[in-house]
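Colleague: The following comprises the amino acid sequence and a computationally predicted model.
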2 protein chains.
Amino acid sequence: MADRVKTTPADKRRAILDAAIRVFAHQGYHSTRVADIADEAGVAYGLVYHYFRSKEAVMTELFTERWSLLLDASDSLYEQEIPAREKLAGIARFIIDSYRHDPELMKVIIIEVTRAANSFGATHLPEIRRAYDVVSRIVADGQREGLYREEIDPDFVGMWFYGAIEQLLSGWVFGLIPATDEEFDRAATMVVETLCCGLERRDGP
Amino acid sequence: MADRVKTTPADKRRAILDAAIRVFAHQGYHSTRVADIADEAGVAYGLVYHYFRSKEAVMTELFTERWSLLLDASDSLYEQEIPAREKLAGIARFIIDSYRHDPELMKVIIIEVTRAANSFGATHLPEIRRAYDVVSRIVADGQREGLYREEIDPDFVGMWFYGAIEQLLSGWVFGLIPATDEEFDRAATMVVETLCCGLERRDGP
DNA sequence: TGCGGTAGATTGACTAGTCAATCAATCGCC
DNA sequence: GGCGATTGATTGACTAGTCAATCTACCGCA
């Protein structure tokens, strides 16, 4: 009777993943025990191993799920007939909006994977590099069109771009900089504006 | 007889620190056991605990030792009567030269502390931020002098600058980009050139 | 409608191993 | 002879992953 919602196995699996996001975000990957995930999900310890091969597999699934969205968005932006600068802005906005929309998941991905070069970062290097690569290609195209200066190595810009954005996300994650909607918008603009036009004034002082 | 060099306690302590650099650089902090450090130093397990309170204390000493050099160099650059751009270039060069001179130690510091927001990064936040802060102040001064555009938040530039440089170091550490002397010099120039002048050409195409 | 039967979901106690830190014993220089 | 340096076996805490047992939902059949 009543509206007791039936939980399917898929729901449980999802519940485990969602619990893992919360726990990883809160304690970090290394100091969360599998038992913490199970408790948070309201599920028995063993069930985690029914759905996932290992604690690592849980993390991997969280990362891949979200990173592939970024990759798809980057690719589709790259294909569009818009100015290079719009493409870069689109990527920056996508990342920042991902954070705005789901800060815990993005925290986990940035802190535990993307910037954790010794653990998951190493495992997922190919996918991570694919994201840098789209930025490099946008810059290289811009150079070919004569928009961008040729002395600057596009691969270098790819790393630079992600390094800078991820540092900003870290700043929000750890409360070093205010995390308001206004700041998010401002940051997305500022990243691209600084990258394209530089710090210096173009007119004389 | 012969020239057997007498090893003082201070030498042993140093040997442990140096061994720790090599082992941390090679396996990462989390997967090195204290026994690995002792073995690498050619010293008994317990001696590590004679000189250091804990494994963490070893890491902390390595970080502090080197980071304070960066902080000193930044401060002294900041005080000098040279253009803002030279100051920024000086900091970039200092970091990159530190890597060139002692890649293993810098690898450990960047990977295990500076970018490890969940472990040592959290512990050493204040010192890390002090480094960002010098960059912010240089930019703020530049704005006051009318050199730099005012729409761009100096704190933002501080994080951006370090985020980008550390990403480059990671690239070298993991062999994503070539690590030749020529590349090091080019990178130091390019970081500041891009930051100050931007990607876009100033003349028409 | 009711009844075995089965597959997969779910449970949590348990195992097996790791590793930081301690400590009592020895060494060797002054 | 005494004291700091040095040793490495031992301890104790912790946790990922296993597994055998139980439960539940659903199916075919009479």
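Modeller: Structure's in. What do you need? Numbering: from 1, shown residues only, chains lettered A, B, ... in the order given.
Colleague: how about the longest helix along chain A: buried residues?
Modeller: In chain A, taking DSSP state H as the definition, the longest helix is helix A:55-79. Of the residues in helix A:55-79, A:55, A:58-63, A:66-67, A:70-71, A:73-74, A:77-78 count as buried by neighbour count, 16 or more other Cβ atoms under 10 Å in any protein chain shown. All C-beta spots, glycine's among them, are computed from the backbone N, C-alpha and C.
Colleague: residues of the next helix or strand after that helix that come out buried?
Modeller: Going down the chain from helix A:55-79, the next helix or strand is helix A:84-101, by DSSP states H and E. Within helix A:84-101, the residues scored as buried using 16+ other Cβ under 10 Å are A:84-85, A:87-96, A:98-100.
Colleague: If we go by neighbour counts, what in the helix or strand following helix A:84-101 is buried?
Modeller: Using DSSP H and E, the helix or strand that follows helix A:84-101 in sequence is helix A:103-108. For helix A:103-108, a neighbour-count test (16+ other Cβ under 10 Å) marks A:104-108 as buried.
Colleague: can you tell me if the following helix or strand past helix A:103-108 touches DNA strand D.
Modeller: Next along the chain after helix A:103-108, taking DSSP H and E as the criterion, comes helix A:120-123. No. Against DNA strand D, helix A:120-123 shows no contacts by Cβ under 7 Å from any atom of the strand, the least distance being 13.6 Å.
Colleague: looking at this, A:G146 is in a helix?
Modeller: No. A:G146: not assigned to a helix; according to DSSP: H, G, I helix; E, B strand; the rest coil it is coil.
Colleague: and it, how far is that from A:E200?
Modeller: According to Cβ to Cβ, to the nearest Å, A:G146 and A:E200 sit 21 Å apart.
Colleague: Which one's more surrounded, the two?
Modeller: A:E200 (17 against 11; other Cβ atoms under 10 Å in any protein chain shown).
Colleague: and that one, what pLDDT?
Modeller: Looking at A:E200, its pLDDT is 71.
Colleague: in chain A, what spans have low per-residue confidence?
Modeller: In the predicted model of chain A, residues A:1-8, A:199, A:202-205 satisfy pLDDT under 70.
Colleague: Can you name the residue of it nearest to DNA strand C?
Modeller: Nearest residue of chain A to DNA strand C (Cβ to the nearest atom of the strand) works out as A:G46 at 1.7 Å.
Colleague: who touches that residue in this structure?
Modeller: Going by Cβ atoms under 8 Å, 6 or more residues apart in numbering or on different chains, A:G46 touches no other residue.
Colleague: Flag every residue of chain A that's near DNA strand D.
Modeller: Counting by Cβ under 7 Å from any atom of the strand, the residues of chain A near DNA strand D are A:31-35, A:45-46, A:49, A:54-56.
Colleague: Present those as TSV; the columns should include secondary structure.
Modeller: Listed next are the residues of chain A next to DNA strand D as TSV, based on three-state DSSP:
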residue	secondary structure
A:S31	coil
A:T32	coil
A:R33	coil
A:V34	helix
A:A35	helix
A:Y45	helix
A:G46	helix
A:Y49	helix
A:S54	coil
A:K55	helix
A:E56	helix
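Colleague: which residues touch the strand or helix carrying A:L195?
Modeller: Here A:L195, judged by DSSP H and E, is contained in helix A:181-197. Under the criterion Cβ under 8 Å, 6+ apart, residues A:85, A:88-89, A:92-93, A:96-97, A:99-100, A:157, A:160-161, A:164-165, A:168, A:172, A:177, B:151-153, B:156-157, B:160, B:194-195, B:198-200 lie in contact with helix A:181-197.
Colleague: Tell me the buried residues in that helix?
Modeller: A:183-184, A:186-188, A:190-197.
Colleague: picking that back up, select from the residues of chain A next to DNA strand D the one having the most neighbours.
Modeller: Top of the residues of chain A next to DNA strand D by neighbour count (other Cβ under 10 Å): A:T32, with 20 neighbours.
Colleague: did I read that right, A:L169 in a helix?
Modeller: Yes. According to three-state DSSP, A:L169 belongs to a helix.
Colleague: wait, which of the buried residues of helix A:181-197 is closest to chain B?
Modeller: Each of these was checked against chain B using Cβ to the nearest Cβ; the closest is A:C197, at 4.1 Å.
Colleague: Give me the distance between the longest helix of chain A and the centre of its chain.
Modeller: 8 Å (Cα atoms, centre = their mean, to the nearest Å).
Colleague: Stretch A:102-114 too?
Modeller: For stretch A:102-114, the separation from the chain centroid amounts to 6 Å (computed by Cα atoms, centre = their mean).
Colleague: Need the residues that contact that stretch.
Modeller: Counting by Cβ under 8 Å, 6+ apart, A:21-22, A:24-25, A:28-29, A:59, A:62-63, A:66-67, A:98-99, A:119-121, A:124, A:128, A:162, A:166, A:169-170, A:172-173, A:179, B:117-118 sit against stretch A:102-114.
Colleague: repeat that for 6 Å
Modeller: Applying Cβ atoms under 6 Å, 6 or more residues apart in numbering or on different chains, the set of residues contacting stretch A:102-114 from outside is A:21, A:24-25, A:29, A:63, A:66, A:98-99, A:120-121, A:124, A:166, A:169, A:173, B:117-118.
Colleague: Highest neighbour count among those?
Modeller: A:F24 (27 neighbours).
Colleague: can you tell me how far the nearest residue to A:A35 once chain neighbours are set aside sits from chain B?
Modeller: Nearest residue to A:A35 in three dimensions, chain neighbours excluded: A:Y45, at 5.7 Å (Cβ to Cβ, 6 or more residues apart in numbering or on different chains). Distance of A:Y45 to chain B, given as Cβ to the nearest Cβ, to the nearest Å: 23 Å.
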